[in-house]
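**Student:** Predicted model follows, preceded by the sequence.
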Amino acid sequence: MDRDDRDDPFGDFFEEIERMMNEMAGSGHGTEDAGFGSETHVDAYATEESVRLVADLPAVSKEQLSLQCDGEALTISAASDRREYDETVELPATVDERSGEATFNNGVLEVEFDRDDDSASIDVA
């Protein structure tokens, strides 16, 4: 017996859920080489003395990571045989880019910088 899908009140609902889950998992159309996409999460924290970033980078080794900082943004690049990742994260405060220290353990990257508070004061005449 053939089933008439028009009689299924949940058909469209479940198809929409499946479509959204595929998008979140990065398996939607046109995302074959989209990098880490939704699998990557970067958080930035600022204190009085420092700025700290934590990034989830699954399926990457320490040797595949490249970090660049200009004092206002951090660029995280990684390439493995399965994935590529390249993202620039705006920092919540200006940092001394030469003070950066990074650790990478089990796919979690942590980078910490000293804040750079060398702003020039301007005298009003």
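**Tutor:** Arrived safely, thanks for sending. Treat the numbers as computed from the prediction; the structure is a model and nothing was measured.
**Student:** Poorly predicted segments of the chain, please.
**Tutor:** 1-11, 25-40, 118-123, 125 (pLDDT under 70).
**Student:** can you pull out the strands in it?
**Tutor:** Under the criterion DSSP state E, the chain contains strands at 41-46, 50-56, 65-69, 73-79, 84-90, 95-105, 108-115.
**Student:** among the ones you listed, which is nearest residue 12?
**Tutor:** strand 41-46 (30.7 Å; C-beta to C-beta). Glycine gets a C-beta too; all of them are placed from N, C-alpha and C.
**Student:** Could the C-alpha coordinates of that closest one be exported in CSV?
**Tutor:** Output of strand 41-46 as CSV, limited to C-alpha atoms (Å, rounded to 0.1, in the frame of the first residue of the first chain):
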residue,chain,number,x,y,z
HIS,A,41,33.9,27.9,18.5
VAL,A,42,36.1,30.8,19.7
ASP,A,43,35.6,32.7,22.9
ALA,A,44,37.5,35.9,23.9
TYR,A,45,37.8,37.1,27.5
ALA,A,46,39.3,40.4,28.7
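**Student:** could you say what helices and strands that strand packs with?
**Tutor:** strand 50-56, strand 84-90 (3 or more C-beta pairs under 8 Å, 6 or more residues apart in numbering; DSSP states H and E).
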